[in-house]
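# quick check, what structure comes out for this input:
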Amino acid sequence: MSNLKGVIVHIEHRIGWVAIRDEIGEITIAELIGGYDVEKGNIITGNLHSEGGETFYNLSTDEELDVYVEYIHLTEAQAILAIQKCGR
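Numbering: from 1, shown residues only. As a prediction, the model looks like this:
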């Protein structure tokens, strides 16, 4: 599954992370590499289930996003813990 679609459900501005819920309900957390203007609800496509450097596409703004995927296949509770852990 290389090209999945998801929705940005959370933006953690202090660390540049976005949480994206994919079509099967799993959450991917990625760090934005660059000054992209993203918003909750933006539709994202790309290889959401691969860790490391990736290029996602924001369908809502018609823009490519260079990202570093930190976490994949998370539940909502796991995503919250990962974001909280990074803030410590």
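
# and stretch 18-34, how far from the chain's centre?
2 Å (CA atoms, centre = their mean, to the nearest Å).

# neighbouring contacts of it?
4-12, 15-17, 38, 44, 48-49, 53-54, 56, 65-76, 78-79, 82-83 (CB atoms under 8 Å, 6 or more residues apart in numbering). C-betas here are computed from N, CA, C, even on glycine.

# the same query, at a cut-off of 7 Å, please.
Contacting residues not belonging to stretch 18-34 are listed as 4-11, 16-17, 38, 44, 48, 65-74, 76, 79, 82 [CB atoms under 7 Å, 6 or more residues apart in numbering].

# parallel or antiparallel, which strands does the lengthiest strand in the chain pair with?
Looking across the chain with DSSP state E, the single longest strand is strand 63-74. Sheet pairing here is set by DSSP bridges, and for strand 63-74 it gives strand 27-32 (antiparallel), strand 52-58 (antiparallel).

# give me the buried positions along it.
Using 16 or more other CB atoms under 10 Å as the test for burial, strand 63-74 gives 65, 67, 69, 70, 71, 72, 74.
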